[in-house]
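Undergrad: Pasting the sequence and the predicted model now:
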Amino acid sequence: MGNRFLAALVISTATAAALLHSGSAWATDTVRVRVAEYSAKTGPFFQELAKKFNAANPDIEVQIEHLPWPEMQQQLVSDISAGTAPDVSHMATRWMAGFAKDGALAPIEDLMSPAFADTFVPTYLDLQKQDGHTWGLPIAASARGLFYNKKLFDKAGIAKPPTTWDETFEAAKKIAALGDGVYGIGVQGRDLDTEGYWFYSLWTHGGSILGPDGKSGFASPEAVLATNNYLRMIKASVTQPGVTGASREDLQNLFAAGKMGMVLSGPWFNAQLAEQGKDVEYGISRIPVATTEATYGVTDTIAVLESSKVKPQAMKFLEFIFNKENRLEFGKLEGFVPVLKAESTEPFFTENPKMSVFLEMGPLAKFAPLFPRWEEMADGLKTELSRIYSGEVSAEEGLKQAAAKMDAILAEDE
Amino acid sequence: MILIAPCLLLSVAVIGYPIFDVIRMSLFDVSRTGMVREFAGLTNFVKAFADPVFLQAARQTFVWTVCVVGGTLLVSVPIALILNEDFYGRTIARTIVLLPWAISLAMTAVVWRYVVNGDFGTLNMTLAALGLPFENYPWLADARMAFLIEIMVGILVSVPFTVTILLGGLTSIPESLYEASAIDGASSTKKFYYITMPLLWPFMQIALVLNVIYVFNSFPIIWIMTNGGPANRTDILITYVYKQAFAFGKLGNAAAGSVVMFAMLLVFAIVYLFLTKAQGARNDV
Amino acid sequence: MSKAKKSLVCWALLSPFLVVVLFPYATMLSTSLKQKDEIFTFHRTWLPRDFYLGNFAELIFEKGFGRALVNSLAISVGATVLSLAVAIPAAYALTRMRVPAKGALTNYLLITQMISPIVLIVGLFRMFAYFGLVNSLLSVIIAHSAFFMAFAVWMLQSYFATIPKDLEEAAWMDGASRFSAFVRVFLPLCLPGVVVTAIFTFVNSWNEYAMSLTLLRQVSQQTAPVQIAFLTGTLYQIEWHLIMAATLLASVPVAIVFASIQRYLIGGMALGGVK
Amino acid sequence: MASINLTNIRKQYGSLTIIDDINIEIEDREFVVLVGPSGCGKSTLLRMIAGLESISGGTIAIDGKVVNDVGPQHRDLAMVFQTYALYPHMTTAQNIGFPLKLRGASKDEIDRAIAGVANTLHLDALLDRQPRALSGGQRQRVAMGRAMVREPRAFLFDEPLSNLDAKLRHHMRIELRQLHTSLGATSIYVTHDQIEAMTMADRIVVMNRGKVEQVGTPLELFDKPANVFVAGFLGSPTINLGNATLYAADGSARLEFDAGSGPIDLANVAPSAHRDVVAGIRPQHLEVVSPEGAKLTGMVDLVEHTGCETNVILSVGSEKWTVQSRNRQHLTQGEHVGLVFDPINLHLFAAETKERI
């Protein structure tokens, strides 16, 4: 209500001003938009969008600030606490819950038109909702798949990509047996998304992050099986050496160099392979299964901040970003799956086998929960995974610890 | 007075307020966006000390600081002694020794992370070319090895500063002392032991204190190379605090951790001052 | 032992350390001359395929790294000037005058060095934001000066203490005011110390990352270390070829400064001996 | 030129008193030497006159004007420092010209003044050198030149010769004194060397523990030291002192040394009641004779030959005495000798107050 009134007021004032002083500088509203960089191309892309938008909307001036991902959280915290936050900010969806809970974000369901909201693929938009409000828009979405090196598969005499984890293990063994510094499959053990790599196995073994009793599912029998699935590969030395030292980027680099038979990754990896792995012939298939088919769906969010005084203008820019043309360009540039219904039918996604597989798996996607303190829970899990992968503790023991930590946090927040 | 005022003003204004802010946050319940809510007493401190990772990080900070500072002094003293000799190409050698200073810590860490990369790093490439079995050895996968490498990089970046201070000290030792001791029949080891070391000691103390402060608070090397992992085994207090604040949004806990860190350095400084004073008193007698 | 023989021994003893120092530089050089697709290849090599200078060109012309270097230069020079401007009088007062609560003051300065800017960043930012100083190079200059000043005061103090007091007194007797004695007699004498302190401050400021990152948000204001971090900070791939080129570019000027003033640097650190 | 008056001057650091109630009047053109052992406060006093030290109490007046609150740069005094305090980054000419430059003199004036001073001090050939390229004596001269160049109201010297070797010191002493005669400038000269004090001063101020012990011309002080301290401080070798008893007998004063001398009649001293005294006799006034019949005896410890003089060091009771004589003495260690002197040369001090009787 209040928002709408404010919006109306701001818009009418702005319109009146525009009428009186059409084209004069003082009537422009500045909208500060912060984006984080997926690649070196992200910043320039949004700068370009802002330029176009500003040209078309003389009463609004969008300013783009772009930052590296590792600094986003720190900067956002500093900014919000100091009252210098931008009007619109990009963030990981998993941080969104925390910021929303602390009142830093503006609910946008009333700012956007129902028609606009309807252009989104519901799964991805629903992820931005909590406590009855929509806190942002899914600026990027990805599903994950199995990248495999066709040349190495041929050499090792593997006819087709594996569909089950057992087949995967066998394939990895054959590839690793080729020698010459070639690894069968990558297992991630550090930094961003380490827990995600584990979720692939967790979900496909029928496990879940949150058990039916509302408690952590980290220590469930399925989770143990899922962990032992990776552990047997590590023990058989069919993975890269030093799992606990390998980040997502390290695995991708190994694959791009043709040194790795299989790796689980997302659509953005296509873009890197196009630049750095020109010699690598690869295919992408669905994530191997033990009992249940699944993939990891991740979104990032772009949100309007509660402190913004130009929320309607901010929304206008968001609507501009999320028009089909701009989204398509962004998707092609960074390699993300479509978040707009209209995009999903584009040949770029449907006819390109390197994209379509992610699109197909969309409906199977599972997501990380939107707990305000999810980062802490994930960190606890990461720590234990690292201990398990290095052989320091058994899967059961480590997972029990991780689950206990998660449960403790859940209990504290009740 | 007027002369000191600007210095004091700048320092109090720019550093004083943030220090106050941290202390305040450590005593309150703080939202992840830095909003100070109700007074929490020592809750944040209690929580910090109840966190096994905090205690582990504290232990590791101790190891980190002792190893890096100790290692730095052990490496720097011989280097300073050599660079104090007159030999061909000394200017070049001195410049090379200073080089690590020319890159920021963060960049040094980034470059080293690449250097020790198992499959693509230049270290394994070189070792393998020398016929050593390090084709694809994953240096950062094992916590102990990773910590060792970080300590080594820590030493590397601390050496230029330390050598500079020590060289300054060495050049201030009058040649006549060496001549006198030579006449007294001192061998070169004895000269080192009885003349160089005692006269260099004040400079080593300066290097020690400053290095302890810098190394204790040193963030980029560990953050960039291992991010505290694997399994928090390379976390030190500053990386712990940073994670608490900016990854977990627990600004109150982070502030409490910062205050504890500060207190630890303060205790170190007081003990140091006490020891040097006691020693001074002994020397006076 | 002849000097030649001694030189050989010295170099031999230093060589393990020198190798460790130069190794990352060699890595930087090698990598910065490679093209993007050469970095992660099956068969790694030290030598680039063809000595490719495109990375440097891309940095300067496309990524605006030249601009970042200029920003860094402006901030470092500004911070050096400002911190010396406040540190010199303070150090002078501390060495030459009876200052009340001198001990407390020196302790305070030491304490400011004990806290890493990283843990203070939120408070620091809040304060600068309150005064509307965010996104201005001036704010970083002020912040750097405040943090690096204590060290400057400390260094200058130990250097000033070596300048005989007689000289200023003589100048006063000769009719010089305190100020003119300071400028005409004292400052010229402690120039080496001042230069060394300036270099220290400059290098610290040149390499500082956290404060510059937090206080400056506009791309056009980024400093060199911040921009390099931006190259590493993208989510899905690190632009190693550019990072190495940028790191090399950012460190070469400092290295050249070191080489040229290296005599001065060590002489200035010698806390004795102006005769 | 100027007169300088010190009235009730005090200097304290907290509870520590460095200078305690000093009154000295220095007349225009006078050459006054402040002398005393190290730590007696003479340098502090000089620096207070210069304006380099604050004054805790009393007044300093130059030409009758109190200057307590006038900074050193405005007192128009020149000072020569023990270390010379030459500006290391300036040449000889620049050093000498510096005071004039500060006063905004024209370049011509400065050059002329430098040339004049350089001529007087024989520095012409050294004008372009930096201090580090000068010898000790040359540096001393440059420091003098810098003080002279602007004709100050008074010169202050803080042990200016103490860093020179003996020969040079003697030479500079003469030169300085001649310079004073020709310039006629009021000078205050601090030294711990009593020979410098004796040879250069118009008047000497002997200081000890922050107090003035005695003020007077060199010979006054030598001949009539006001107390044991002054007697002991001036004269070389040091005056011989011995505890003795003074009493009256047969209507005249008699003295008997505790070391076991016979009674010595003192014709020039008024007879007085029995009292303990310290008696002093300068080495030059003693003579070694054969022990038979001598009232005072001693045992030879050492004989020093300096060429024209011979110093005989002997034990007299528990004291060490020196006899200086122009005759070569052929004595052996351990030999018993007698000592004689003209009682007129005796200095008597009260044993309790150590003041002259």
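TA: Nice, I can see it.

Undergrad: can you map out the strands along chain A?
TA: A:29-37, A:60-68, A:88-92, A:129-130, A:133-134, A:137-142, A:145-149, A:183-185, A:260-265, A:282-285, A:295-296, A:298-304, A:365-366 (DSSP state E).

Undergrad: In TSV, list those strands along with distance to residue A:386, mean neighbour count and mean pLDDT.
TA: In short, each C-beta sits where N, CA and C put it, glycine included. Formatted as TSV, those follow (distance: least, CB to CB, whole Å; neighbours: other CB atoms under 10 Å in any protein chain shown; pLDDT from 0 to 100):
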stretch	distance to residue A:386	mean neighbour count	mean pLDDT
strand A:29-37	26	23	92
strand A:60-68	24	21	89
strand A:88-92	21	25	94
strand A:129-130	30	16	92
strand A:133-134	36	16	95
strand A:137-142	24	25	93
strand A:145-149	23	25	96
strand A:183-185	18	27	96
strand A:260-265	18	27	96
strand A:282-285	28	19	96
strand A:295-296	19	26	94
strand A:298-304	21	26	94
strand A:365-366	23	20	92
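
Undergrad: Redo the ones you listed as TSV? Include distance to residue A:271.
TA: Output for the strands of chain A, formatted as TSV (distance: least, CB to CB, whole Å):
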stretch	distance to residue A:271
strand A:29-37	13
strand A:60-68	17
strand A:88-92	18
strand A:129-130	30
strand A:133-134	29
strand A:137-142	12
strand A:145-149	13
strand A:183-185	22
strand A:260-265	11
strand A:282-285	13
strand A:295-296	19
strand A:298-304	16
strand A:365-366	20
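
Undergrad: Now for the residue in the stretch 101-250 of chain D positioned nearest to chain A, how many residues are close by?
TA: Of all residues in the stretch 101-250 of chain D, residue D:102 sits closest to chain A, at 51.6 Å by CB to the nearest CB. The number of residues packed near residue D:102 is 18, by other CB atoms under 10 Å in any protein chain shown.

Undergrad: measure the nearest residue to it once chain neighbours are set aside to chain A for me?
TA: Excluding the flanking residues, the one nearest residue D:102 by CB to CB, 6 or more residues apart in numbering or on different chains is residue C:175, at 4.5 Å. Distance of residue C:175 to chain A, given as CB to the nearest CB, to the nearest Å: 53 Å.

Undergrad: Next one, pLDDT for the closest residue to residue D:305 other than its chain neighbours please.
TA: In space, and not counting its chain neighbours, residue D:305 is closest to residue D:328: 7.2 Å by CB to CB, 6+ apart. pLDDT, residue D:328: 81.

Undergrad: Check the secondary structure at residue D:328 for me.
TA: Here residue D:328 is recorded as coil under DSSP: H, G, I helix; E, B strand; the rest coil.

Undergrad: Kindly report the same for the one 10 residues further on.
TA: Reducing the assignment at residue D:338 to three states with three-state DSSP gives strand.

Undergrad: Isn't it up against residue D:299?
TA: No. The criterion here is CB atoms under 8 Å, and residue D:338 misses it with residue D:299 at 11.2 Å.

Undergrad: Neighbour count: the two, which is higher?
TA: A direct count of neighbours by other CB under 10 Å for residue D:338 and residue D:299 places residue D:338 higher, at 16 against 13.

Undergrad: partner residues bridging the more buried one?
TA: residue D:289, residue D:297 (DSSP bridges).

Undergrad: Next up, the contacts around residue A:181.
TA: Neighbouring residues of residue A:181 by CB atoms under 8 Å, 6 or more residues apart in numbering or on different chains: A:259, B:119, B:135, B:136, C:42.

Undergrad: still on that earlier bit, what about the residue nearest to residue D:305, how many residues nearby?
TA: That count, for residue D:328 with other CB under 10 Å as the rule, works out to 11.

Undergrad: Looking at the stretch 251-400 of chain A, what residue ends up closest to chain B?
TA: Closest point on the stretch 251-400 of chain A to chain B, by CB to the nearest CB, is residue A:386, at 4.1 Å.

Undergrad: pLDDT at that residue, what is it?
TA: Note on residue A:386: pLDDT of 95.

Undergrad: is it true that it touches residue A:190?
TA: Yes. Counting by CB under 8 Å, residue A:386 does reach residue A:190; the two are 6.9 Å apart.

Undergrad: residues touching the closest residue to residue A:268 other than its chain neighbours, list them.
TA: With CB to CB, 6+ apart as the criterion, residue A:268 has its nearest non-adjacent residue at 4.2 Å, and that residue is residue A:335. Contacts for residue A:335 (CB under 8 Å, 6+ apart) come out as A:266, A:267, A:268, A:269, A:270, A:271, A:355.
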